[in-house]
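**Student:** Okay, predicted coordinates and the sequence, questions at the end:
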Amino acid sequence: MNPNNNFTAQEKAVLSLLVQGKRNSSIAEALYLSKRTVDNHLYRIFDKLGVSSRTEAVLYVLETGLLSDSK
């Protein structure tokens, strides 16, 4: 399974900012979203990646190069 194909553009944007170390409030501000919307995106991202934390999600992205083709 290639999780990259299952992400919406908004989820990819949230994930990209997460990898940069941004907090939810900063991600929300950068993308003009509510913090609640960012929380929901992260919930779906974690589910799609099969991880349970921000750290695991970042490690997954860095180890697999998941976002390398979307930049």
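**Tutor:** Now that the structure is in, tell me what you want to look at.
**Student:** Provide a list of residue ranges in this protein with pLDDT below threshold.
**Tutor:** Within the chain, the ranges that satisfy pLDDT under 70 run 1-5, 69-71.
**Student:** mind running it again at 50?
**Tutor:** 1, 71 (pLDDT under 50).
**Student:** Going along the chain, name the helices of it.
**Tutor:** 9-19, 24-31, 35-49, 54-64 (DSSP state H).
**Student:** For my notes, please list the ones you listed in a markdown table and give mean neighbour count for each entry.
**Tutor:** Where C-beta positions appear, they are placed from N, C-alpha and C, glycine not excepted. A markdown table is the format used below for those (neighbours: other C-beta atoms under 10 Å):
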| stretch | mean neighbour count |
| --- | --- |
| helix 9-19 | 18 |
| helix 24-31 | 16 |
| helix 35-49 | 16 |
| helix 54-64 | 15 |
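**Student:** With adjacent residues omitted, what lies nearest to residue 37?
**Tutor:** residue 28 (7.0 Å; C-beta to C-beta, 6 or more residues apart in numbering).
**Student:** hang on, I meant residue 24
**Tutor:** Spatial nearest neighbour of residue 24, chain neighbours left out: residue 38 (4.8 Å); criterion: C-beta to C-beta, 6+ apart.
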